[in-house]
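S.K.: Sequence first, predicted coordinates after that:
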Amino acid sequence: MLPLFKNYGFCTEYKYYFVSLHQLKQNNMRSNNKWQRLAELLLFVTLAVNNASAQEPMDNSLSRHNFFYAGQSKQRRMFIVKDGLVSWSYLDQLKRGEISDAVLMTDGHILVAHQYGVAEVADDGQTVWSYQAPEGTEIHTIQPIGKTHVVFVQNGKPAKAVVMEIPCCRIVREFGLPTNEKGSVHGQFRNARLTSRGTLLVANMALGCIHEYTCDGKEVDRWGGFLPWSVQEMPKTGNLLITGRKGLIQEINRQGQTVWQLNTTDYGVAQPQKTVRLKNGNHIINNWYNEWNKQPMDTANVPVQAIEIDKGGKLVWQLKAWKDPDLGPSTTIQLLDDAVNRDRMFFGEFNPQSPKLFVGSNEPIGEGRGIHPGRVAWIHSPGVAQWDGKTGLWMEDRWNDQQKADAMIPVAIMQLTGEATARKAWQALFKHFNRTHGRGNHSYRKGETIAVKLNMNNAITHHDTIELNSSPFITLALVRSLVCDGGVRQQDIVLCEPSRAITDSIYNKVHHEFPLVRMIDNIGGDGREKCEYYPERIVYSVDNGKMARGLAKCIVDADYLINSALLKTHSGPGVTLTTKNWYGATDINLLWRQNAHNNVSQDKRNGKPQYKTFVDWMTHKDMGQKALLFLIDGTYGSRDVNGAPNPKWMKEPFNGDWACSIIVSQDEVACDAVAMDIIINEWPEFGSLNYCDEYLREAASLPNAPSGTIYKQEGKPVDKPLGLFEHWNKNHQYTKIDLKYKKL
């Protein structure tokens, strides 16, 4: 058997072709030398593969994996198999219904959905609580929500998603699910799974689609064109793994594109229901056998209950345990190492998660900076970003409103400065900067350079991609306001991204209207200048290993800087806002894996105070201290540091839309503090947010940094706070940070 893999763009399809010796000989006789050589090659490879297969017999043992097992059968049975032996078993004596779904949890308890109800079974086999499905309904799937609630899908007319308090079995929330009203109740739903975002994925068999819901029943997204039996979210990527009723298993991204697929019928598995992806990339797929078939099972040729396929498409394990022990038909296989921690499972407001932080709500630290110390302007303009999340690229003109973007920048700086016009606001910003930097009380002067540090972290070529980077619409709006309102000559403006590439959408928009604006990036060409660097311009306050020390000349040589960052999370420090954006001004490599990241991330587990690289960037005379303005572009925003903007923002004031916001300030600490609070409020469950506020606490606490670090600026200890830090309270209010929110 020779596996041949076909790649179709982002889709890999596995096909297996059988080549017989007789066929090859017949083909050789009818072919020219070219085809003869190809046939001989195929024969050689086929024999080699078959020989290798003969040397590596199929693993049929029970000991390959330790797992929990349950299935739809005439007997409601569950098992735990450990070290090749059944270490625990359960048999329900009611003899009614079928186990469609079961979840093993870390406390040893099992949640089970058995068609006519749901229950929790303890490790001693005792029922903790049970709930009977109402007459005319069925329940085939369940998920835990902490220790006090569960969520299940109730097939029926109408069908519902139900949140129930346990052990009292009190229904506390329910919302309707769409289905085919002409179809049977039994064929509506079989599987639903909670996500790391606190949403519910529902596999809709009747309509052939996948839904994602919030806890209040709002449909976040829908993906059609499937025959889904089950669905689950993949860790890290957030992709969906869908097991189809006809044997097609597909992994899709959030845009609905297939990134991987496998047809189980090629392996003799016609009834897959769930798929387990192992850490090594292999897949375990169960194969349900229908005990209600009219013909009895062929005991001489029993069906497989599960198979394991490696990353190369090879069958490496099959489970056939129909006697000593008889595990019965397979619906659920769950590795013991993958037992669910119910305390970490949440559904919106039910068992809500929150990160551990160093600073509590309304506990301000430091001193504000700016014309109005500690002021932050948040401009919210619904409709400025309109991408549907699936079609084309988010930065296309059809998905963005340039007129709305143009309005946001002037309003933002007027709110920040308190001036009545954008022209006066820019003058106030320039004058305040020069006055506080010992350069006199003057505004911008002809010939002075303003460098705008963009965030193009996901761009290594000039071609536009779906990944989130600085918005071309906000960037153009900023340049327009600088020129038209601020009176800045276009040749005095530099748009730069020293560590990455400035993509065509930004270059074309700005260059078309302002051809004298310079654009400098890491690779140069196509109208961009290639960035040059001054070596050894950053002296860290501690031994910081191989952390970048060179600094872009366009940053050092500028008279003013505008830090134009993005509103998104980060798997390292938790957030990537204005301070993290300075990293791209250093002489790092275009390929991020080749760069050092010393003292960027915090101690997420224990919260031990540590030196933070970010603070040295904030104190640097050519980085944080040269910034005229800090701007965070949240027109889209994202929960993921890489990839397309995703998902939409569900909390107030966004309500299921993109963030459609920009945040500006003269105070870097306060600016990042507000953006951080917005992110924490939206995605409190995001794992890397624990202690993400450490760098802001360090910066606002100077000269008495909690880590004990003596931060220095040009060799001298920093003797005052770098800004004002505070977390808002549950009503989104501050006591010291002066937040000006304006909805356009």
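M.R.: Nice, I can see it.

S.K.: hmm, who's touching stretch 130-142?
M.R.: 100-101, 103, 111-120, 150-157, 164, 169, 185-186, 189-192 (Cβ atoms under 8 Å, 6 or more residues apart in numbering). (Each C-beta comes from the backbone N, C-alpha and C, glycine too.)

S.K.: any idea of the mean pLDDT for it?
M.R.: For stretch 130-142, mean pLDDT rounds to 97.

S.K.: end-to-end on it?
M.R.: 12 Å (Cα to Cα, to the nearest Å).

S.K.: start at 460 instead
M.R.: In the new count, where the first residue is 460, that last one comes out as stretch 589-601.

S.K.: Buried residues, that stretch. List them.
M.R.: Neighbour-count burial for stretch 589-601, with 16 or more other Cβ atoms under 10 Å as criterion, is recorded at 590, 592, 596-601.

S.K.: Break down the stretch 1010-1159 of the chain into its helices, ranges please.
M.R.: Assigned by DSSP state H, counting those that start in this stretch, the helices in the stretch 1010-1159 of the chain fall at 1012-1015, 1037-1040, 1072-1078, 1127-1141, 1153-1160.

S.K.: Dump those helices to TSV, plus distance to Asn746.
M.R.: Listed next are the helices of the stretch 1010-1159 of the chain as TSV, based on distance: least, Cβ to Cβ, whole Å:
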stretch	distance to Asn746
helix 1012-1015	60
helix 1037-1040	47
helix 1072-1078	52
helix 1127-1141	41
helix 1153-1160	49
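
S.K.: And these: which comes nearest Asn900?
M.R.: helix 1127-1141 (22.8 Å; Cβ to Cβ).

S.K.: Which strands or helices does the closest one pack on?
M.R.: Judged by 3 or more Cβ pairs under 8 Å, 6 or more residues apart in numbering; DSSP states H and E, helix 1127-1141 is in contact with strand 834-839, strand 1019-1029, strand 1033-1035, helix 1037-1040, strand 1086-1097, strand 1120-1124, helix 1153-1160, strand 1183-1184.

S.K.: Kindly recompute the last result at 7 Å.
M.R.: Judged by 3 or more Cβ pairs under 7 Å, 6 or more residues apart in numbering; DSSP states H and E, the packing partners of helix 1127-1141 are strand 834-839, strand 1019-1029, helix 1037-1040, strand 1086-1097, strand 1120-1124, helix 1153-1160, strand 1183-1184.

S.K.: Output those in JSON lines; the columns should cover distance to Trp747 and mean pLDDT.
M.R.: Output for the helices and strands packed on helix 1127-1141, formatted as JSON lines (distance: least, Cβ to Cβ, whole Å; pLDDT from 0 to 100):
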{"stretch": "strand 834-839", "distance to Trp747": "50", "mean pLDDT": "98"}
{"stretch": "strand 1019-1029", "distance to Trp747": "39", "mean pLDDT": "98"}
{"stretch": "helix 1037-1040", "distance to Trp747": "48", "mean pLDDT": "98"}
{"stretch": "strand 1086-1097", "distance to Trp747": "38", "mean pLDDT": "98"}
{"stretch": "strand 1120-1124", "distance to Trp747": "48", "mean pLDDT": "98"}
{"stretch": "helix 1153-1160", "distance to Trp747": "50", "mean pLDDT": "98"}
{"stretch": "strand 1183-1184", "distance to Trp747": "56", "mean pLDDT": "98"}
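
S.K.: Next, the buried residues of the helix or strand hosting Ile708.
M.R.: Element membership for Ile708, per DSSP states H and E: strand 707-711. Using 16+ other Cβ under 10 Å as the test for burial, strand 707-711 gives 707-711.

S.K.: List the contacts of Asp1197.
M.R.: Going by Cβ atoms under 7 Å, 6 or more residues apart in numbering, Asp1197 touches 831, 833-835.

S.K.: if we can go back for a sec, and the buried residues of strand 707-711, which is closest to Asp963?
M.R.: Taking Cβ to Cβ as the measure, Ile711 is the one of these closest to Asp963, at 27.5 Å.

S.K.: and stretch 1041-1058, which residues are buried?
M.R.: Neighbour counts over stretch 1041-1058 (16+ other Cβ under 10 Å) mark 1041-1047, 1054, 1056-1058 as buried.

S.K.: should've said stretch 1008-1023
M.R.: 1008-1015, 1017-1023.

S.K.: just stretch 791-811 next, same as before
M.R.: For stretch 791-811, the neighbour count (16+ other Cβ under 10 Å) marks 791-793, 798-799, 801, 804-807, 809-810 as buried.
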